[in-house]
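Chemist: Predicted model and sequence follow; I will ask about them next.
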Amino acid sequence: MFELAPVSLWLEDFSGVRALFDDWRAQGVTDLRTFLQANPARVAECAGHIRVIKVNRKTLALFDATDFGELTGNLGAVFRDDMLKTHLEELCQLWAGQAHFTSQTVNYTLGGRRLDVLLKGQVLPGHALLWDRVLVSVEDITELERTRLRITHAEQYARGLFEHSPVSLWVEDFSAVKRLLDDARAQGIVDFRTFTDVHPEFVERCMQEIHVLDVNQHTLEMFAAPDKHTLLARLADVFRDDMRPHFREQLIDLWDGKLFQQREVLNYSLDANEVHVHLQFSVLPGHEQNWDLVLVALTDITARKKAEAYLEYLGKHDVLTKLRNRSFYVDELNRLERKGPYPVTVIMADLNGLKRVNDQLGHAAGDALLRRAGEVLAKAMEIPFVAARIGGDEFAVLLPGTDERGGAAVIDTIRQLVELNNQFYPGTPLSFSMGAATVQRGERLEAGVQRADLLMYEDKRALYANDEARAREGTKP
């Protein structure tokens, strides 16, 4: 049986090792591990006291030896390098009084090929006193170890891709959410959208049932979290407010069987900043039945959203005055024409003296005057009133649902704000010429604009006439 065993077997004499142990104990050694680590040469000394008595055929084949003599004559080539590190563990097991030992170590064939082996030793019955007969089995696990290393490297590679991905990655467990959806189906729910309209608390409960398993490094950076524990403990600060309607749509898609989804959503960082993200949601293959493994990828699109918002702002606002621009004014005029509410009062305003300021003091002074005009008109507006700059020094105010008296009140407010503004800004005084007209349902708003424009010019002519009269009065002797 020894000779024909399908595993490598060695019959060895460890009595020399036993004698060494007895000497060391007599010298007062109690901690063999520390003793051997202090002088690694002692491990080699123990190995040198082991005598190989017999090996089987499998051993010769495994180590590329033609016979017992060739193998034992070259044991230095077989047991080397990493072998001594694991041999220390075997020795410590024997020192502790065990009659057997186990280790995973490295041997080498006579041709120099590395062998990963699982080594097991047993002191044979009747030889426990001297250890002069120890049976050692050597199992070749080289392929197994290579496979394990490949798996380890693959796991490390996958982990590296996950941890260092340039997008935020979340591994989540949605199995509890699936159970809630399945329960809703079992109760006869068919129209899930209507159901969540009536029961918004169901959406909230589903959010609470999401279990986050892991997040990567980029997630911590994106959401201003110092570590994973802090982020996972404060998920309620991340997924809140505007996130709920997005999550509801996500649930509706899951109800309809869409296990891969993408949408733009709004989250929040732990420092309370908005984080606009493009979300990609996928139930991973093999987990479609339970949704217990879901990958969520979040790409930060905050900068893009800000750029889009700014471009939208520029499309509807005058950059200098911060009021609405002519394009918005025309669209709003058309909208009010169609939908009201009536009556609609239109105020046309002209900034007095802008050309003179530009000519005498320069365009920087003129721009400053325009900014002041924007401040005043913006301050006078209340929703749904709108003020717009429609030309160089021309402004329009649209007052939906406002009659003549309301329009006169707004003009009075503007004049009061102009007076207050002039108290804070020295130099060129701010001044508007204004005219107002009210349009009833059935009339054209453009006709009201023209009437207000004519009244504005009458106001301007009256202003210039007063200025000329005061100038003449000042030149009399």
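Modeler: Yep, that arrived.
Chemist: which intervals of the chain have sub-threshold pLDDT?
Modeler: Per-residue confidence of the chain (counting by pLDDT under 70) places the weak regions at 82, 469-477.
Chemist: Buried residues, the longest helix seen in it. List them.
Modeler: Within the chain, and with DSSP state H defining each element, the longest helix by residue count is helix 445-475. Counting neighbours by 16 or more other Cβ atoms under 10 Å, one finds that the buried residues in helix 445-475 are Leu445, Gly448, Val449, Arg451, Ala452, Asp453, Leu455, Met456, Asp459, Lys460, Leu463. C-beta: built from backbone N, CA, C; applies to glycine.
Chemist: now stretch 196-207
Modeler: Taking 16+ other Cβ under 10 Å as the basis for neighbour counts, the residues of stretch 196-207 that come out buried are Thr196, Phe202, Val203, Cys206, Met207.
Chemist: What segments of the stretch 101-250 of the chain are strands?
Modeler: In the stretch 101-250 of the chain, the strands defined using DSSP state E, counting those that start in this stretch lie at 114-123, 134-140, 168-173, 211-215.
Chemist: Figure out which of those strands is closest to Tyr313.
Modeler: Taking Cβ to Cβ as the criterion, strand 168-173 is the member of the strands of the stretch 101-250 of the chain that comes nearest to Tyr313, at 27.8 Å.
Chemist: What strands line up against the closest one, and which way round?
Modeler: For strand 168-173, the paired strands and their directions (DSSP bridges) are strand 211-215 (antiparallel), strand 294-300 (antiparallel).
Chemist: Please identify the most buried of those strands.
Modeler: strand 294-300 (a mean of 19; mean count of other Cβ atoms under 10 Å).
Chemist: Alpha carbons only: can I get it in CSV?
Modeler: Taking Å, rounded to 0.1, in the frame of the first residue of the first chain, the C-alpha atoms of strand 294-300 are listed here in CSV:
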residue,chain,number,x,y,z
VAL,A,294,-27.5,45.7,-7.9
LEU,A,295,-24.9,48.0,-9.3
VAL,A,296,-25.6,51.8,-9.4
ALA,A,297,-23.2,54.1,-11.3
LEU,A,298,-23.5,57.8,-10.7
THR,A,299,-21.7,60.3,-13.0
ASP,A,300,-21.4,63.8,-11.6
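Chemist: Turn the strands of the stretch 101-250 of the chain into a markdown table, including distance to Val55.
Modeler: Formatted as a markdown table, the strands of the stretch 101-250 of the chain follow (distance: least, Cβ to Cβ, whole Å):
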| stretch | distance to Val55 |
| --- | --- |
| strand 114-123 | 14 |
| strand 134-140 | 9 |
| strand 168-173 | 51 |
| strand 211-215 | 50 |
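Chemist: Cys46: neighbour count?
Modeler: Burial of Cys46, expressed as a neighbour count using other Cβ atoms under 10 Å, amounts to 22.
Chemist: and Leu320, helix, strand or coil?
Modeler: Leu320 carries the three-state label coil when classified by DSSP: H, G, I helix; E, B strand; the rest coil.
Chemist: Just the CA atoms of the helix or strand containing Phe21, as PDB, please.
Modeler: The secondary structure element spanning Phe21 is helix 15-26 (assigned by DSSP states H and E). As requested, C-alpha coordinates have been extracted for helix 15-26 and formatted as PDB (Å, rounded to 0.1, in the frame of the first residue of the first chain):
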ATOM      1  CA  SER A  15      14.600  11.300  16.400                       C
ATOM      2  CA  GLY A  16      17.500  13.800  15.800                       C
ATOM      3  CA  VAL A  17      15.000  16.600  16.000                       C
ATOM      4  CA  ARG A  18      13.600  15.100  19.200                       C
ATOM      5  CA  ALA A  19      17.100  15.000  20.700                       C
ATOM      6  CA  LEU A  20      17.600  18.700  19.700                       C
ATOM      7  CA  PHE A  21      14.300  19.700  21.400                       C
ATOM      8  CA  ASP A  22      15.400  17.900  24.600                       C
ATOM      9  CA  ASP A  23      18.700  19.800  24.600                       C
ATOM     10  CA  TRP A  24      17.000  23.100  24.100                       C
ATOM     11  CA  ARG A  25      14.400  22.400  26.800                       C
ATOM     12  CA  ALA A  26      17.300  21.600  29.100                       C
END
